[in-house]
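Participant: With the sequence up front, the predicted model follows.
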Amino acid sequence: MTPLPVYHRLPTDQAETLFARIVGRCSQRSASGPPVLVLDLDGTLMDNRPRTAAILRDLGASWEKAHPEDAASLRACTPERLAYLLSDSLRRLGVQDPARLAEATEYWRHRFFTDDDLRHDVALAGAVPFVRACHAAGATIVYLTDRDLPMMGVGTFASLRSLGFPLGVAGVEIILKPDAQMADEAFKRMVAPTLARVGEVVASFDNEPANCNLFLEAYPKADIVFVDTQHVPGAPPLHDGVFVVADFSAAHVPDIPRAEGEP
Ligand SMILES: [Mg+2]
């Protein structure tokens, strides 16, 4: 088994300096337009493991009579016990039978990539106040996500809103995949150069090394930040110059309440 790569997260004081610099850059408008902050959602602003855990617990409930042992394993599922790949998670939870693994994968796929279950996602530590502070400072916020518009657009809007991220006001955009079949990296590679029409990209956050690398190539003057949560197995090494943080807790920004009239 290939060992998981180890990323060198910034020490706390350097992470604090990085976040402060980014918030500062969000108030500086250049000749290229407003400062733009590009933010991935899954694994970056949000932890989606609670979504998978909720889905597997529901499946466990439906297996109660037919497969009581596997049902009990699934009903005890918590986010902390999940691996990146569902097949690894199921085996870790004790589901070994090939037919049941296939059934569980189908069940999960039909729910994970749809609007309704996005309500289970939670914000990463410090993410909401950080994004609100950047928006308040003057940045245009671009949520750039691998989720697809037809199946996950409405749920994404609802989830961002309920978690308290800036939404539905001037200076916020959401970019989603036109359809689920497009490869994630190809989608972001296609979108990256088009963000110049929004303004000047000053920072980008993503939990996939490949996406961080392509943003560093597209915007070498921006602060590109890898959020070290979980990522696809076999990802390429991070380019030199990409910063690594665990979450947004070093941002230390005051929580800005919703303005009157804000959705
Ligand atoms: Mg992601």
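Facilitator: Arrived safely.
Participant: mind listing what's buried in stretch 131-142?
Facilitator: Of the residues in stretch 131-142, 131-137, 139-142 count as buried by neighbour count, 16 or more other CB atoms under 10 Å. C-beta here means a position set from N, CA and C on the backbone, and glycine is covered the same way.
Participant: Serialize the residues you listed to CSV and add fields for pLDDT and distance to the ion.
Facilitator: Listed next are the buried residues of stretch 131-142 as CSV, based on pLDDT from 0 to 100; distance: CB to the ion, whole Å:
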residue, pLDDT, distance to the ion
131, 98, 15
132, 97, 20
133, 97, 22
134, 97, 18
135, 97, 20
136, 96, 25
137, 96, 24
139, 98, 20
140, 98, 20
141, 98, 16
142, 98, 14
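Participant: Just these: which are in helices?
Facilitator: Using DSSP state H, the members of the buried residues of stretch 131-142 that fall in helices are 131-137.
Participant: how near is residue 76 to the ion?
Facilitator: In this view, residue 76 and the ion are 27 Å apart by CB to the ion, to the nearest Å.
Participant: got a list of what residue 54 touches?
Facilitator: Neighbour list for residue 54: 117, 120 [criterion: CB atoms under 8 Å, 6 or more residues apart in numbering].
Participant: Would you mark the buried spots in the helix or strand hosting it?
Facilitator: In the assignment (DSSP states H and E), residue 54 maps to helix 49-62. Buried residues in helix 49-62, counted by 16+ other CB under 10 Å: 49-56, 58-60.
Participant: of the buried residues of stretch 131-142, closest to residue 7?
Facilitator: Here the nearest of the buried residues of stretch 131-142 to residue 7, counting by CB to CB, is residue 131; it sits at 22.2 Å.
Participant: roughly how far apart are that closest one and residue 182?
Facilitator: Distance, residue 131 to residue 182, using CB to CB, to the nearest Å: 25 Å.
Participant: Repeat that for residue 50.
Facilitator: 26 Å.
Participant: I figured residue 155 hits residue 114, correct?
Facilitator: Yes: judged on CB atoms under 8 Å, residue 155 makes contact with residue 114 at a distance of 7.0 Å.
Participant: what residues does the protein put near the ion?
Facilitator: For the chain, the residues in contact with the ion (CB under 5 Å from the ion) are 40, 42-43, 207.
Participant: can I get those residues in JSON lines with secondary structure, neighbour count and pLDDT?
Facilitator: Output for those, formatted as JSON lines (DSSP: H, G, I helix; E, B strand; the rest coil; neighbours: other CB atoms under 10 Å; pLDDT from 0 to 100):
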{"residue": "40", "secondary structure": "coil", "neighbour count": "23", "pLDDT": "98"}
{"residue": "42", "secondary structure": "strand", "neighbour count": "22", "pLDDT": "98"}
{"residue": "43", "secondary structure": "coil", "neighbour count": "21", "pLDDT": "97"}
{"residue": "207", "secondary structure": "coil", "neighbour count": "23", "pLDDT": "98"}
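Participant: Do you have the helices of the chain handy? List them.
Facilitator: Using DSSP H, helices in the chain cover 12-25, 49-62, 68-75, 86-93, 98-112, 127-137, 149-163, 184-191, 209-218.
Participant: taking the mean pLDDT, what do you get for the first one?
Facilitator: Yep, that's helix 12-25 we're talking about. Helix 12-25 shows a mean pLDDT of 97 in the predicted model.
Participant: Now do that helix: distance to the chain's middle.
Facilitator: With CA atoms, centre = their mean, to the nearest Å as the basis, helix 12-25 stands 20 Å off its chain's centre.
Participant: quick one: it to helix 127-137, angle?
Facilitator: 40 degrees (axes from the mean of the first three to the mean of the last three CA atoms, to 10 degrees).
Participant: list the helices and strands the longest strand along the chain packs on?
Facilitator: When the chain is parsed with DSSP state E, its longest strand is strand 140-148. If you count contacts as 3 or more CB pairs under 8 Å, 6 or more residues apart in numbering; DSSP states H and E, strand 140-148 packs onto strand 35-39, helix 127-137, helix 149-163, strand 172-177, helix 184-191.
Participant: Packed most tightly, which of those would that be?
Facilitator: Greatest average neighbour count among the helices and strands packed on strand 140-148 goes to strand 35-39 (a mean of 26), per mean count of other CB atoms under 10 Å.
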